[in-house]
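Colleague: Sequence and predicted structure, then a few things I'm wondering about:
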Amino acid sequence: MKLIVSGGGTGGHFFPALAVITEALKRRIETTYIGSLRGIEQQLKELIPPERIFLEVLPFSGTSSIGKLRAALSYLKASLQLFEYVGEDSKALIFGGYVSVPTALTVIGKRKPLFLHEQNSVPGRANRLLSNFSEKVFITFEYSRRFFKGKEVIKTGLPVRESIFSTKLSKGSAKSTFGVEEKEPLILFFGGSQGARFVNNLAVEFASKTGVQVILISGISEYEVVKEKSKGVGNLQVYPFRKDMGLIYSACDVAVCRAGASSLTELSLFGVPAVMIPYPYAVANHQFYNAKEIEELGGGITLEQPQASLNKVVESVDRIIGDYERFSSAIKKFACAEAPKKILDEAL
């Protein structure tokens, strides 16, 4: 049997696909990865162990009529390129991003099994359409079920790379790495893999006004600006990015962050409750619904960006710290550490 895995463009699509590929190779399953020449997967291609194919495909959403036509033609051309890679014993697992469209079209055209994974609470148009041809749909958030009526839908959680656990430490040991006492609160601010200016500015203000120890992952593009703004704020440690996020999550007590699926999944695996400020311009406002599911479990507090003043954030952080065990236990209920295994068991 041959497994074809596709998904990319952003880390949110690529890294879950990579986690499943890693598990598939452990099981000695022949695997091919399909990615885009324009996505993050091209920059990180050394991380992809099996056969890999990169396609020249164009984004469809948010483009002009001519742009949409060009994108459609690129999908058709890419599908023809992939035709020879889909054999009699092939199955495909799609994680989203526009590169997954030609992969799915080829598999559908050759009448081979197709499986989808939807990472967010509100699926995009491509996954809604492709779900009509899929065997099963795997979801991260329960809210997604309503969009896939009539299909077999299984909540697997979002696959996370095993490497994130390699830097996990006890709370005391992790905090000492950053020069913080074990009983002293340590708050993590981050905006996802690309950073977020609103969250960065809030972190600087929070640290300077409260005196609480803060770690900020600013994103590479904002790092120099944040470093300049935070001069003299001794209780704020700023990093453009960190590869050892397991260490960061181990050290921090509460996160103030956006509500991307990957971020919330990783926090839940480490039991770090969150004050979530959904990105207000996310497609179909999906980050709001992501956050509300965590809030309903009792694992965090949602503040929409217009209401996320410093006072509200401080109040929310204090509320979580005041009932920490309950919040931490609740967010742990969200994620499934065995997501890659569960997906493969269901697909194969």
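Modeller: Structure received. Residues are numbered from 1 along each chain as shown.

Colleague: Residue 295 versus the residue lying closest to residue 292 once chain neighbours are set aside, what's the distance?
Modeller: Leaving out its chain neighbours, the residue that sits closest to residue 292 by C-beta to C-beta, 6 or more residues apart in numbering is residue 302, at 5.9 Å. For the C-beta atoms, the positions are set from N, CA and C on the backbone; glycine is no exception. As judged by C-beta to C-beta, to the nearest Å, residue 302 and residue 295 stand 5 Å apart.

Colleague: where does residue 275 land in three-state SS?
Modeller: The three-state label given to residue 275 by DSSP: H, G, I helix; E, B strand; the rest coil is strand.

Colleague: what's in contact with stretch 42-55?
Modeller: 14, 18, 21-22, 25, 30-37, 41, 78, 81-82, 85, 99, 102 (C-beta atoms under 8 Å, 6 or more residues apart in numbering).

Colleague: Can you flag the buried ones in the residues you listed?
Modeller: Neighbour counting over these (16 or more other C-beta atoms under 10 Å) leaves 14, 18, 21-22, 31-36, 41, 78, 82, 85, 99, 102 as the buried ones.

Colleague: And the furthest pair within those residues?
Modeller: Farthest pair in the buried ones among the contacts of stretch 42-55 (C-beta to C-beta) is 22 and 78. Separation: 24.9 Å.

Colleague: Do you have the helices of the stretch 201-348 of the chain handy? List them.
Modeller: Remark: helices assigned in the stretch 201-348 of the chain by DSSP state H, counting those that start in this stretch are 223-229, 245-251, 261-269, 286-297, 310-322, 324-332, 339-347.

Colleague: For those, could you give me JSON lines that also reports mean pLDDT?
Modeller: Compiled in JSON lines, the helices of the stretch 201-348 of the chain are given as follows (pLDDT from 0 to 100):
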{"stretch": "helix 223-229", "mean pLDDT": "93"}
{"stretch": "helix 245-251", "mean pLDDT": "97"}
{"stretch": "helix 261-269", "mean pLDDT": "95"}
{"stretch": "helix 286-297", "mean pLDDT": "97"}
{"stretch": "helix 310-322", "mean pLDDT": "98"}
{"stretch": "helix 324-332", "mean pLDDT": "98"}
{"stretch": "helix 339-347", "mean pLDDT": "96"}
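
Colleague: and residue 119, which of those is closest to it?
Modeller: Of all the helices of the stretch 201-348 of the chain, helix 261-269 sits nearest to residue 119, with 4.3 Å by C-beta to C-beta.

Colleague: tell me what that closest one is packed against?
Modeller: With contacts taken as 3 or more C-beta pairs under 8 Å, 6 or more residues apart in numbering; DSSP states H and E, helix 261-269 sits against helix 11-26, helix 245-251, strand 254-257, strand 274-276, helix 286-297, helix 324-332.

Colleague: Can you tell me what sits against it?
Modeller: 11-12, 15-16, 119-120, 140-141, 157-158, 160, 164-165, 190, 192-193, 245, 249, 255, 257, 273-274, 276, 290-291, 294, 299, 331-335, 337.

Colleague: quick one: it to helix 339-347, angle?
Modeller: 110 degrees (axes from the mean of the first three to the mean of the last three C-alpha atoms, to 10 degrees).

Colleague: mind starting the numbering at 210 from now?
Modeller: I'll keep to 210 as the first residue from here, and by that count the last item is helix 470-478.

Colleague: between helix 470-478 and helix 220-235, what angle do the directions make?
Modeller: Using the same axes, to 10 degrees: helix 470-478 against helix 220-235 is 60 degrees.

Colleague: Give me the distance from helix 470-478 to the chain's centre.
Modeller: Helix 470-478 has its C-alpha centroid displaced from the chain centroid by 7 Å (C-alpha atoms, centre = their mean, to the nearest Å).

Colleague: re the thing from before, inside helices: which ones of the buried ones among the contacts of stretch 251-264?
Modeller: The helices, defined by DSSP state H, take in 223, 227, 230-231, 250, 287, 291, 311 from the buried ones among the contacts of stretch 251-264.

Colleague: got the contact list for residue 345?
Modeller: Residues in contact with residue 345 (C-beta under 8 Å, 6+ apart) are 324-325, 360-363, 555-556.

Colleague: Cool, thanks, signing off.
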